[in-house]
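here is a sequence together with a model predicted from it:
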Amino acid sequence: MKTKHLKNKTTIELTPEETTGFIKQINDLDTILSSIHECQDLWLSDIGKLETLKYKIADMLDLIWDSESYSYRRN
């Protein structure tokens, strides 16, 4: 995966395997959200999947954690 930040756009290049991985993550997110809506509850395993998804997206966008603002920012 390659992420390139320009002034007015960000370009992300994914291999077919990486694309398949992100499709799986989106489907996991869909399943988690469906469970939350149906049960009004959240499983600990779902929280782990959400956390993994957050880190994968931050990595994909080449973001770094800024401890002063408690948020991610561009690298």
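Yep, that arrived.

and residue 54, how many neighbours?
11 (other Cβ atoms under 10 Å). Where C-beta positions appear, they are placed from N, C-alpha and C, glycine not excepted.

and the helix or strand containing it, how far from the chain's centre?
Assigned by DSSP states H and E, residue 54 falls within helix 44-60. Distance of helix 44-60 from its chain centroid, counting by Cα atoms, centre = their mean, to the nearest Å, is 6 Å.

helices or strands up against that helix?
Judged by 3 or more Cβ pairs under 8 Å, 6 or more residues apart in numbering; DSSP states H and E, the packing partners of helix 44-60 are helix 16-39.

which residues are contacting the helix it packs on?
Identification of contacts with helix 16-39 by Cβ atoms under 8 Å, 6 or more residues apart in numbering yields 1, 14, 41, 42, 43, 46, 49, 50, 52, 53, 56, 60.

of these, buried ones?
Among these, those classed as buried by 16 or more other Cβ atoms under 10 Å are 1, 46, 49, 53, 60.

who's in contact with the third one?
Taking Cβ under 8 Å, 6+ apart, we find residue 49 in contact with 28, 29, 32.

geometric centre of the protein: which residue is closest?
Centroid check for the chain by Cα atoms, centre = their mean gives residue 57 as the closest residue, at 2.9 Å.

mind pulling up the pLDDT for that one?
If you check residue 57, the pLDDT there is 86.

can you check residue 45 too?
Looking at residue 45, its pLDDT reads 85.

how near is the residue at the greatest distance from the centre of the chain to residue 47?
What lies farthest from the middle of the chain is residue 39; by Cα atoms, centre = their mean that is 23.6 Å. Plainly put, residue 39 is 14 Å away from residue 47 if you go by Cβ to Cβ, to the nearest Å.

name the residues of stretch 64-75 that are buried.
By neighbour count with 16+ other Cβ under 10 Å, stretch 64-75 contains no buried residues.

what about it, distance to the chain center?
Mean-position distance between stretch 64-75 and its chain equals 15 Å (Cα atoms, centre = their mean).

extract the CA atoms of it and return them as CSV.
Provided in CSV are the C-alpha atoms of stretch 64-75 (Å, rounded to 0.1, in the frame of the first residue of the first chain):
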residue,chain,number,x,y,z
ILE,A,64,0.4,9.5,13.0
TRP,A,65,-1.0,10.0,16.5
ASP,A,66,-0.5,13.5,18.0
SER,A,67,-0.5,13.1,21.8
GLU,A,68,-0.8,16.9,22.3
SER,A,69,-4.2,17.1,20.5
TYR,A,70,-5.2,13.5,21.1
SER,A,71,-6.0,12.9,17.5
TYR,A,72,-4.5,11.6,14.3
ARG,A,73,-2.9,13.9,11.8
ARG,A,74,-1.1,13.6,8.5
ASN,A,75,2.5,12.3,8.6
